[in-house]
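Participant: here you go, sequence then predicted model.
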2 protein chains.
Amino acid sequence: MNIKKEKSLGIVETKTFKFDAMVLESGRELKDVSIVYETYGKLNENKSNAIYIAHAFSGDANAAGFHKDAKKPGWWDDMIGPGKAFDTDKYFVICSNVIGGCSGSTGPSSLNPETKKPYALSFPVITIADMVAAQKKLIDYLGIKKLLSVAGGSMGGMQVLQWAVSYPESISSAIAIATAMKHSPQQIAFNEVARQAIMSDAKWNNGNYYETNSSPDGGLSVARMIGHITYMSDKSMEERFSRNLKEEGYSFSIASDFEVEGYLRYKGDSFVKRFDANSYLYISKAMDYFDVSNKILVKTSDKRDVKFLIISFASDWLYPSYQSEEMVKRLKLKGYDTTYIEIKSTYGHDAFLLEFDDETKMVKHFLEKVNKETEVSKNR
Amino acid sequence: MNIKKEKSLGIVETKTFKFDAMVLESGRELKDVSIVYETYGKLNENKSNAIYIAHAFSGDANAAGFHKDAKKPGWWDDMIGPGKAFDTDKYFVICSNVIGGCSGSTGPSSLNPETKKPYALSFPVITIADMVAAQKKLIDYLGIKKLLSVAGGSMGGMQVLQWAVSYPESISSAIAIATAMKHSPQQIAFNEVARQAIMSDAKWNNGNYYETNSSPDGGLSVARMIGHITYMSDKSMEERFSRNLKEEGYSFSIASDFEVEGYLRYKGDSFVKRFDANSYLYISKAMDYFDVSNKILVKTSDKRDVKFLIISFASDWLYPSYQSEEMVKRLKLKGYDTTYIEIKSTYGHDAFLLEFDDETKMVKHFLEKVNKETEVSKNR
């Protein structure tokens, strides 16, 4: 742990970028938009070393380094920092909280500028394309014409693919990890059950709980518990919990007996302290709407100059490898320079946050190749 | 459909068997116990043609045939009837509702004889062994010394394995389908989330909702929706729903858009009309407690005369084939006559209710073999 802290970026800070308005995919307008973001490393003179990191469902702008007084570093600290996969000695790394979120960027818990009250369900439904459109505004604001890469896992990977669809001319490469071109009905189903858990909690109150003294913690906790089962694998649960009991012997009561039950409850309870139930509804909806399977290769320029690195994990049953393989097949058929690896891991979907040794090797090598070729093409 | 109805048993009736008391695995006593059951076919003179069918989680005593005015036949009508896998022209088939259930047998919604009020959480925690002990009393009452077979899928399969552990001398064979020797942490986790969904519903009211005007329908519906995802496979969901929308185009609202969402909600809503939330807690707990992995071959007599048929389904990720294969390995190592087949199906766990063509072939052949050998050994 000491070693990790030494290699970390140390204390980092969140900044805010604001813009007046954006028209969403639904046609509705989102006004007075705030995007919180962090940057690590230094932007070089010709602004060619920037990498955008997109976070997953419950992530935030703090991808790496420690907030002041924080005990834990950012969610991908193992991958971002000096000498790491996203090497901040070489690259300028940016991460922002998605719109619709609840960790600083404008979302359903933000004040609606028209009513001066929290949006709640008056917040417009946003899509992955809307999240990426807001990120593009941030990149423009930072004066970056072309990102060296966009990278992310899970919902972060969806944003990566969306960048390749929406702004192919603005990225040199894309690193999509443990993700899919579209949500399958099973993926939609898990999200829908989680939404129903929230919405069937009486305290959800049709989304209007911000100004009451209660919030739908029970429903949100159940939603998160469902999520956690899908993030682990059957095998990783067996390795970690097996049928271990919390106390000796069965309680012969309705109370929980098994360690795995205690773990899930703990995860659910701690999640409600940091996440907003309405954000859960909106962001999960954005994931379900996501489908670039018919777009991914259409809008891209004829140059085919976006290079792809696709990574999946053998035990990830939430975003199974076959979804990555379909993606790779399409990309290769269209002539894209595409590298694919399925990492053998027992961690399930969580592997994208845990298997950083293998990920580091792949990402480092890929970025060096992209960096070199980008420089070569510029010098031509 | 006409063909199926012609081959059906026609109208069937549920009977009730009562007994004074039983001591449960927990040491507690359950008094004034009612077991509802149905029988199909005729018991032969020496009572040697009886087969007990154990139902799955939400099943009931109506395994086959139609209740008067019912539109749907029993839950395994495809498998039980004249000429079917469990051929009622040859065999006397018995099915009863488990204790802890809510379809006639004594459970948490029954009146506690001591208080004259519904048990609710004063109902003692029951186990699969307790369910089977109650079934043994029913079999004794019917005057049957030895069952030709015990058969069931999912939780029914657990009861089958429990019969082989608790009363090996009382069964000639065991047919365990889509089941496991013990619940894995992932299986426990899904049950625990479902229980949390119920218990976090304010209307659950610590189990005391029978005498109020409301019940935890929201939580119970979410629990069932989780179940349904685990009963289907990724592939069967894709084949049935894909990303089909209920209306044309996205609603860009928090409302449900996809057919799979509508299906799950429908399943959840219809379940709450026929199932009791407290029974969900008790029965799911019994499944989680189930673990005969260290017992299955210990208590059985030295004769090794129980013949096993084990069936799993390739796409069943709730009770994956590897669990059946571990079971088969153990049984074979101990010298049991064990037949195993993994049926190639895309239906997931639901396959045990749907793949009746393949199941029929396996079960018919197996029962004929058992029947023949049982007769041979008797004539020796």
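Facilitator: It's in.
Participant: ok, now which ones touch A:Leu318?
Facilitator: A:187, A:190, A:230-231, A:348-349 (C-beta atoms under 8 Å, 6 or more residues apart in numbering or on different chains). Using the backbone N, CA and C atoms, a C-beta is placed for each residue, glycine as well.
Participant: what ranges does the stretch 251-380 of chain A have for its strands?
Facilitator: A:307-313, A:338-343 (DSSP state E, counting those that start in this stretch).
Participant: just send those back as TSV, with mean pLDDT and mean neighbour count too.
Facilitator: Supplementary listing: the strands of the stretch 251-380 of chain A in TSV, determined by pLDDT from 0 to 100; neighbours: other C-beta atoms under 10 Å in any protein chain shown:
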stretch	mean pLDDT	mean neighbour count
strand A:307-313	97	26
strand A:338-343	98	18
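Participant: how many neighbouring residues does A:Met237 have?
Facilitator: 22 (other C-beta atoms under 10 Å in any protein chain shown).
Participant: please disregard the earlier target; I meant A:Lys364.
Facilitator: 17.
Participant: likewise A:Gly156?
Facilitator: 28.
Participant: how about low-confidence regions in chain A?
Facilitator: A:1-6, A:296-304, A:379-380 (pLDDT under 70).
Participant: list the helices and strands the longest strand along it packs on?
Facilitator: Using DSSP state E to define each element, chain A has its longest strand at strand A:29-40. For strand A:29-40, the contact count by 3 or more C-beta pairs under 8 Å, 6 or more residues apart in numbering or on different chains; DSSP states H and E identifies strand A:15-23, strand A:92-96, helix A:128-141 as packing neighbours.
Participant: mind checking which of the ones you listed is nearest chain B?
Facilitator: Nearest of these to chain B, taken as C-beta to the nearest C-beta: helix A:128-141 at 10.7 Å.
Participant: which other helices and strands contact that closest one?
Facilitator: strand A:15-23, strand A:29-40, strand A:50-54, strand A:92-96, helix A:155-166, helix A:277-289.
Participant: how many neighbouring residues does A:Leu354 have?
Facilitator: 14.
Participant: for chain B, see how far away it is.
Facilitator: 18 Å (C-beta to the nearest C-beta, to the nearest Å).
Participant: go on, A:Glu261?
Facilitator: 4 Å.
Participant: tell me the contacts of the closest residue to that residue other than its chain neighbours?
Facilitator: Nearest non-adjacent residue to A:Glu261, counting by C-beta to C-beta, 6 or more residues apart in numbering or on different chains: B:Glu192, 4.4 Å away. Applying C-beta under 8 Å, 6+ apart to B:Glu192 gives the contacts A:225, A:256, A:258, A:260-261, A:264-265, B:288.
Participant: so B:Glu192 belongs to a helix, correct?
Facilitator: Yes - counting by DSSP: H, G, I helix; E, B strand; the rest coil, B:Glu192 is found in a helix.
Participant: and it, how close does it get to A:Asp257?
Facilitator: With the distance defined as C-beta to C-beta, to the nearest Å, B:Glu192 ends up 10 Å from A:Asp257.
Participant: and the helices and strands packed on strand A:29-40, which is most packed in?
Facilitator: Among the helices and strands packed on strand A:29-40, strand A:92-96 has the highest mean neighbour count (mean count of other C-beta atoms under 10 Å in any protein chain shown), at a mean of 27.
Participant: quick check: phi and psi at the residue nearest the centre of chain A.
Facilitator: In chain A, the residue lying closest to the centroid (C-alpha atoms, centre = their mean) is A:Ala56, at 1.7 Å. Backbone torsions for A:Ala56, taken as degrees, to the nearest 10, come to phi -80, psi -180.
Participant: measure it to A:Ile144 for me?
Facilitator: 23 Å.
Participant: up against chain B, what does the stretch 251-380 of chain A have?
Facilitator: A:252-254, A:256-261, A:264-265, A:268, A:281-282, A:285, A:288-289, A:291, A:317, A:320 (C-beta under 8 Å from any C-beta of the partner chain).
Participant: is A:Tyr37 in contact with A:Thr14, as I believe?
Facilitator: Yes - using C-beta atoms under 8 Å, A:Tyr37 is in contact with A:Thr14, at 7.1 Å.
Participant: who touches both of the two?
Facilitator: Common neighbours of A:Tyr37 and A:Thr14 (C-beta under 8 Å, 6+ apart) are A:Ala61.
Participant: comparing those two, which shows the higher neighbour count?
Facilitator: Shown here are A:Tyr37 and A:Thr14; by other C-beta under 10 Å, A:Tyr37 has more neighbours (23 against 17).
Participant: grab the nearest non-local neighbour of that one.
Facilitator: A:Ser96 (3.7 Å).
Participant: which other helices and strands contact the longest helix anywhere in chain A?
Facilitator: The residue-count maximum for a helix in chain A (DSSP state H) belongs to helix A:356-379. With contacts taken as 3+ C-beta pairs under 8 Å, 6+ apart, helix A:356-379 sits against strand A:86-87, strand A:149-153, strand A:173-177, strand A:307-313, strand A:338-343.
Participant: now do 10 Å
Facilitator: The contact analysis (3 or more C-beta pairs under 10 Å, 6 or more residues apart in numbering or on different chains; DSSP states H and E) places helix A:356-379 against strand A:50-54, strand A:86-87, strand A:149-153, strand A:173-177, strand A:307-313, strand A:338-343, helix A:351-354.
Participant: run through who's touching the second one.
Facilitator: The one in question is strand A:86-87. Residues outside strand A:86-87 that contact it (C-beta atoms under 10 Å, 6 or more residues apart in numbering or on different chains): A:40-41, A:49, A:51, A:53, A:63-64, A:76, A:79-81, A:92-93, A:95, A:149, A:151, A:175, A:360, A:363-364, A:367-368.
Participant: so which residues on the stretch 1-150 of chain A come close to chain B?
Facilitator: A:24-28, A:108, A:121, A:123-127 (C-beta under 10 Å from any C-beta of the partner chain).
Participant: show me how to select, in PyMOL, the buried members of the residues you listed.
Facilitator: Buried members of the residues of the stretch 1-150 of chain A next to chain B can be picked out in PyMOL with the line below, counting by 16 or more other C-beta atoms under 10 Å in any protein chain shown:
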select buried, chain A and resi 24+25+26+108+123+124+125+126+127
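Participant: now the residues of the stretch 1-150 of chain A next to chain B as TSV including secondary structure?
Facilitator: Formatted as TSV, the residues of the stretch 1-150 of chain A next to chain B follow (three-state DSSP):
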residue	secondary structure
A:Leu24	coil
A:Glu25	coil
A:Ser26	coil
A:Gly27	coil
A:Arg28	coil
A:Pro108	coil
A:Leu121	helix
A:Phe123	coil
A:Pro124	coil
A:Val125	coil
A:Ile126	coil
A:Thr127	coil
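Participant: now the closest residue to A:His67 other than its chain neighbours: how far from A:Tyr37?
Facilitator: Distances taken as C-beta to C-beta, 6+ apart put A:Val12 closest to A:His67, at 6.8 Å, once the chain neighbours are dropped. Note on A:Val12: its distance to A:Tyr37, by C-beta to C-beta, is 11 Å.
Participant: what about A:Glu114, neighbour count?
Facilitator: Applying other C-beta under 10 Å, I find that A:Glu114 has 10 neighbouring residues.
Participant: so it, which of the three states?
Facilitator: Applying three-state DSSP: A:Glu114 is coil.
Participant: re the thing from before, for the contacts of A:Leu318, give me JSON lines that also has neighbour count.
Facilitator: Converted to JSON lines, the contacts of A:Leu318 look like this (neighbours: other C-beta atoms under 10 Å in any protein chain shown):
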{"residue": "A:Gln187", "neighbour count": "24"}
{"residue": "A:Phe190", "neighbour count": "23"}
{"residue": "A:Thr230", "neighbour count": "20"}
{"residue": "A:Tyr231", "neighbour count": "22"}
{"residue": "A:Gly348", "neighbour count": "26"}
{"residue": "A:His349", "neighbour count": "26"}
